[in-house]
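Novice: 3D model of this:
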Amino acid sequence: MSSDSREWTVGLIKGRAVEDGFWVDILKQIEDKTYLEVAQLCMFYADEAFARRFYSEHSQEPNFELIIPQIANKTIIAMKLVGDDAIEVWRKLMGSYKFGEREPGTIRHKYMGYSNIPYEDSIVHGSVSPVAANNEYGVCPLRDLPQKP
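Specialist: Numbers count the residues shown, from 1 in each chain. Predicted coordinates for the structure are as follows:
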């Protein structure tokens, strides 16, 4: 938790969204559609070792080897998003990763399948719980950045 006790989460804007320039619009959507504060942000190159550490909680899932290439060997943006119900708010703005379940107005509805991004290549990530957020933050370069007072 942040020092003011509001919830926080880790969000990623993944490779294809960064490469194709959608990241600017995604940040604008966070500003326009939520009350979340982007408390920290960094753009960096994620190698395969980072991808495996970041997604380690999913290592026993059948799709683990499919999610690694979504960030491995790509430039990504990591964010610490802070606000009331940050996890739920960010996940709602991202929308479902399942094609038929994407709500209009969500990031995944807007970009996945309506551009050159294939459906299975999710362009954003959000922590599923406070424990996951803490684990993900622990492997991100965000942890090395100064905190806002």
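Novice: when you work out contacts or count neighbours from here on, use the C-alpha atoms and nothing else.
Specialist: OK.
Novice: contacting residues for the closest residue in space to Val38 that isn't next to it in sequence?
Specialist: Of all residues not flanking Val38 in the chain, Leu81 sits nearest, at 4.8 Å (Cα to Cα, 6 or more residues apart in numbering). Shown in contact with Leu81 (Cα atoms under 8 Å, 6 or more residues apart in numbering): 8-11, 36-40.
Novice: helix, strand, or coil at Leu81?
Specialist: strand (DSSP: H, G, I helix; E, B strand; the rest coil).
Novice: same question, Gly11
Specialist: strand.
Novice: Pro62 versus that one, what's the distance?
Specialist: 23 Å (Cα to Cα, to the nearest Å).
Novice: these two: who's more crowded?
Specialist: Between Gly11 and Pro62, counted using other Cα atoms under 10 Å, Gly11 has the larger neighbour count: 24 against 8.
Novice: Ala49 - nearest residue in space that isn't next to it in sequence?
Specialist: The shortest distance from Ala49 to any residue other than its chain neighbours is 7.8 Å, reached at Ala72 (Cα to Cα, 6+ apart).
Novice: pretty sure that neighbour sits in a helix.
Specialist: No: counting by three-state DSSP, one finds Ala72 to be coil, located in no helix.
Novice: pretty sure it sits against Phe54.
Specialist: No: between Ala72 and Phe54 there is no contact under Cα atoms under 8 Å: 10.2 Å.
Novice: what does the helix or strand harbouring Ala39 contact?
Specialist: In the assignment (DSSP states H and E), Ala39 maps to strand 37-46. Residues outside strand 37-46 that contact it (Cα under 8 Å, 6+ apart): 31, 71-83, 141-142, 145, 147-148.
Novice: would you list the buried entries among those residues?
Specialist: Neighbour counting by 16 or more other Cα atoms under 10 Å classes 71-83, 142 among the contacts of strand 37-46 as buried.
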